[in-house]
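>>> quick one: sequence plus predicted model below, questions after.
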Amino acid sequence: MNKWINLLTVLVIISCGEVQNKFELPVLGRPKIVEREVNGKITNDTIPHMIADFSFVDQDSAVITNSTFDGQVYVADFFFTSCPTICPIMKKQMLRVYEAFESNPQVALLSHTIDPEYDTVALLNDFANRLGIKSSKWHMVTGDKEKIYEIGETSYMVIADEDPTAPGGFIHSGAFLLIDKERQIRGIYDGTKEDDVNLLIKDISRLLASYAEE
Amino acid sequence: MPKNNFFAFIFLLITACAAPSDKKDTFIPDNLSRRDKTRYQQYLIKGKSLYRQHCSNCHQPDGRGLASLYPPLAKSDYLMQDIPRATCISKNGQEGSIVVNNKEYNMKMPGVPTLTNLEVAEIMTYIANSWGNEYGFISVSDVKKNLENCAQ
C-alpha cells in the first residue's frame, strides 16, 4: 500500500514538473472589475492587475519611470542599505540574478529603498559601486517615501512599514517580484532563499522565451 | 549525571555533523588546560550559532564578506591585529572608513548591544579561530576588560 502511495507521489511530481515546464507563468494580482455601459447595457470589464505609474531617482540621479523598462522584464524588490537582517542576503541573491543576465539587455533590476531619508542618491551610488554593479542594469531608486510605500503595497503587494521595534527600524518582506513587459506580476519569490532565486532565474528565461515565440 | 550525558550527546551530534569542514577550519591551540579546552570547544559551538544569528548576513557564513560592502573576517588583518578593537566593534558597531586587507570599506555596521559578555566572548573566540584565523581562547574576563576600554 505504502509503495503505491510513494509511486503515486513520484508520478504526480514528475507530471507536475512537466506541465510546469510547458505552462505559461501565471499573471498574479487582483484584477479589477469595472462596469461599463455599452449601448445602454451594463457590461463588466476585467482589468488585470498592473504596476501603477511611478517616477523615482536612481543611484546616478537618473529619473526612472515605467518607460525605463520598455521592452524589458524586470525584477523588483524593497530594501534599505543600513538593514542588518535580510537585506544583505537579498542583495547577495539579487547579485546572482544580475550575474545570470548581465549580458541580456532584456532583463533589468529595480531595488527600492524604503528608507529614503537615509538612503540618498549619493549613498545609493556608493552602495552600488561597492556592490560592483552597473547602473544601466540595476537601478537602486530613492524618492518620495509615501510614493515608495504606496507602490510597494498596492502595486507590488509587498509589505513595507516603519517599525521602531524591528532591527534597523523597518519591517518589510524579502520578496523578489518578476514583472513582464506588460507591467504585470508574473512571479513572487523569497529573495532570502537560494532555491527560490534559482526558480526565479529559470522563470525569467521562460518568460523571455514566451516573447520570442510570439 | 543525565544532564551531562545530554550535553555530551548534543556535542557529539554537532561535532559529528560539522566535523569534515570544521576540523580543518577551526584552530585548536594546544597550550590550554583541560578545563579551558572544554570551555574553548563550547565557545566555538555557541559562537558559531550566535555568529549565524547576528553576523553572517553581512560577513557571510564563510567569513569572506561581500564585495566592497562588508569586509571579510576570514584572514582579516584588521581583526587579528587588534582583538580588543574588534571586540568593541562586535558589540557596539562601527562607522567610517577602514582598510581591511588593503581594501577600503565605509559602511555603517549596527552593533548588537543586547549581547552579554559571555556571548561576545563566544562570538570573538569563534571568529578569531575560524577560516584560517588562529588567535586562541578569548575569555569573558578578556571581553569585560576590552569593552571597558572601547573608544567612544
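Nice, I can see it. Note that the structure is a prediction, hence the values are computed from the model and not measured.

>>> low-confidence stretches in chain A?
Across chain A, residues meeting the criterion (pLDDT under 70) sit at A:1-23, A:159-161, A:167-171, A:214.

>>> what do you get if the cut-off is 80, keeping everything else the same?
Across chain A, the ranges flagged by pLDDT under 80 are A:1-23, A:30, A:32, A:34, A:159-172, A:213-214.

>>> for chain B, what's the nearest residue on it?
Distance from chain B to each residue of chain A (CB to the nearest CB) is smallest for A:Arg130, at 4.0 Å. (C-beta placed from N, C-alpha, C; glycine too.)

>>> once you drop chain neighbours, what's closest to that residue?
With sequence-adjacent residues excluded and distances taken as CB to CB, 6 or more residues apart in numbering or on different chains, A:Arg130 is closest to B:Ser68, at 4.0 Å.

>>> so the one you found sits against B:Glu104, correct?
Yes - assessed by CB atoms under 8 Å, B:Ser68 is found in contact with B:Glu104 at 7.5 Å.

>>> more neighbours, these two?
Between B:Ser68 and B:Glu104, counting by other CB atoms under 10 Å in any protein chain shown, B:Ser68 is the more crowded of the two (17 against 11).

>>> ok so, going back, okay, and the residue of chain A closest to chain B sits in which element?
Per DSSP states H and E, A:Arg130 falls inside helix A:121-131.

>>> for that helix, buried residues please.
For helix A:121-131, burial by neighbour count (16 or more other CB atoms under 10 Å in any protein chain shown) applies to A:121, A:123-128, A:130-131.

>>> residue closest to the middle of chain A?
Chain A has A:Leu177 as the residue nearest its centroid, 2.0 Å off, counting by CA atoms, centre = their mean.

>>> quick one: contacts for that one?
Applying CB atoms under 8 Å, 6 or more residues apart in numbering or on different chains to A:Leu177 gives the contacts A:75-77, A:156, A:158, A:185, A:187-189.

>>> which SSE is immediately downstream of the one helix or strand it maps to?
Here A:Leu177 sits within strand A:175-179, counting by DSSP H and E. Under the assignment DSSP H and E, the closest C-terminal helix or strand after strand A:175-179 is strand A:185-190.
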